[in-house]
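In: Need coordinates for the following:
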Amino acid sequence: MSEQFILSCESTVDLPYAYVNGRGLPVLFYSYLAEEKLHVDDMLRDPAALPHFYAMLEGGALPSTSQLTTYDYEAFFSPLLEQGNLLHIAFGTGMTGSYYHAEEAAEKLRKKYPERTIRVIDSLCSSSGYGLLVDYAADLRDAGRTLEETAQWVEANRKLVHHQFFSTELKFYRRSGRMSGAAAAVATILNICPIMRLDDGGRIIAYDKVRGKRKAMDRTVQTVLRHIQNGSDYDGKCYISHSNCLPEAEQLRSLLQQALPRVPEIPIWDIGTIIASHCGPGTVAVFFLGDERVPDGKAV
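Out: The predicted model follows:
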């Protein structure tokens with residue numbers, strides 16, 4: 001009989017809650033502060049939440065996010081450990097330091113529940129790339145792999161999850177201070193789209209720029225084919241996510257379906273409120289298993 005264990009994650013997997021819950025994955029929710037109110041990352045539980053979030057951005061709001069605390073993790077882990085052994089895959093340290101608080105909580109709870117196993121893994125991933133990694137881990141759990149076998153696979157493959165994305169809307173980058181007003185203005189006038197990726201540590205790297213959405217999509221597809229496992233014969237998971245720009249996401253999916261004919265489906269997910277608090281609207285991303293992600297400064 002295979003070992004049973006609980007697999008959990010955080011709301012920044014950027015998959016709908018209905019999907020994650022259907023896979024039997026307990027979720028720890030982040031929150032963001034906007035218009036002097038604290039809002040829980042909704043994961044599409046309320047259909048009105050995401051449109052309201054983008055309306056706030058359009059109205060000039062600048063949401064802020066914060067790390068999960070050790071107490072947050074203790075409160076989340078404790079009832080799960082009452083039920084069994086736990087493997088928690090955390091939001092990547094390239095984006096937040098929450099993982100270190102998760103480890104602190106786990107160390108405390110190992111003393112409280114000495115009969116239980118609790119493992120916490122830094123995903124080194126973000127958004128639906130984080131979701132893709134967790135989804136693969138759920139497949140292994142469902143196939144009867146042990147907690148340790150699943151944890152070893154996650155640690156061995158987390159740097160193989162590629163995150164390729166581009167931005168078609170720089171207004172929010174200017175508002176949030178992540179791009180100077182002059183740079184954003186010039187880029188907007190010239191119709192420039194920054195091309196970005198995550199490096200091996202899970203940090204965002206802007207490594208190229210092109211003029212126009214279609215060129216950004218073409219460059220993204222070229223990069224996917226250069227790094228994806230087995231090239232155009234790839235038949236694994238491939239996800240797209242977007243921040244309030246579904247037509248561009250659908251256009252990118254059409255291009256990827258032509259380039260990757262053996263992929264059974266390429267779902268499109270919404271970037272959640274926590275990630276979108278930092279990227280704003282107009283970002284399109286694609287996630288897949290490829291070669292090992294390289295450090296900042298290396299050729300892509």
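In: Low-confidence ranges, the stretch 101-250 of the chain, go.
Out: Counting by pLDDT under 70, the low-confidence segments of the stretch 101-250 of the chain come to 170-190.
In: just the helices in it please.
Out: Counting by DSSP state H, counting those that start in this stretch, residue ranges of the helices within the stretch 101-250 of the chain are 127-142, 147-157, 171-176, 181-189, 213-227, 246-259.
In: Figure out which of the ones you listed is closest to Phe29.
Out: The closest of the helices of the stretch 101-250 of the chain to Phe29 is helix 127-142. By CB to CB, the value is 14.3 Å. Using the backbone N, CA and C atoms, a C-beta is placed for each residue, glycine as well.
In: And for stretch 144-162, what's in contact with it?
Out: For stretch 144-162, the surrounding residues in contact (CB atoms under 8 Å, 6 or more residues apart in numbering) are 2-3, 5, 7, 85, 87, 89, 117, 119, 121-125, 129-130, 132-133, 136-137, 140-141, 197-198, 200, 224, 227-229, 286-293.
In: same thing with stretch 46-53?
Out: Contact with stretch 46-53 is made by Ala34, His39, Asp42, Leu44, Pro63, Asn244, Asp270, Gly272, Thr273, Ala276, as judged by CB under 8 Å, 6+ apart.
In: neighbours around Ser243, how many?
Out: As a burial measure, the neighbour count of Ser243 was computed by other CB atoms under 10 Å and equals 32.
In: Enumerate every residue touching it.
Out: Ser243 makes contacts with Asp270, Ile271, Ile275, Ala276, Cys279, Gly280, Pro281, Gly282, Thr283, Val284, as judged by CB under 8 Å, 6+ apart.
In: In JSON lines: the residues you listed, plus distance to Glu104 and secondary structure.
Out: Written out in JSON lines, the entries for the contacts of Ser243 read as follows (distance: CB to CB, whole Å; DSSP: H, G, I helix; E, B strand; the rest coil):
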{"residue": "Asp270", "distance to Glu104": "31", "secondary structure": "strand"}
{"residue": "Ile271", "distance to Glu104": "29", "secondary structure": "coil"}
{"residue": "Ile275", "distance to Glu104": "24", "secondary structure": "helix"}
{"residue": "Ala276", "distance to Glu104": "28", "secondary structure": "helix"}
{"residue": "Cys279", "distance to Glu104": "29", "secondary structure": "helix"}
{"residue": "Gly280", "distance to Glu104": "32", "secondary structure": "coil"}
{"residue": "Pro281", "distance to Glu104": "35", "secondary structure": "coil"}
{"residue": "Gly282", "distance to Glu104": "37", "secondary structure": "coil"}
{"residue": "Thr283", "distance to Glu104": "32", "secondary structure": "strand"}
{"residue": "Val284", "distance to Glu104": "36", "secondary structure": "strand"}
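In: So which of these is the closest to Leu252?
Out: Top of the list for closeness to Leu252, among the contacts of Ser243 and by CB to CB, is Val284 at 5.7 Å.
In: That closest one: neighbour count?
Out: Quick note: Val284 (other CB under 10 Å) scores 29 neighbours.
In: Quick check, it in contact with Pro247.
Out: No: using CB atoms under 8 Å as the test, Val284 is too far from Pro247 to be in contact (9.9 Å).
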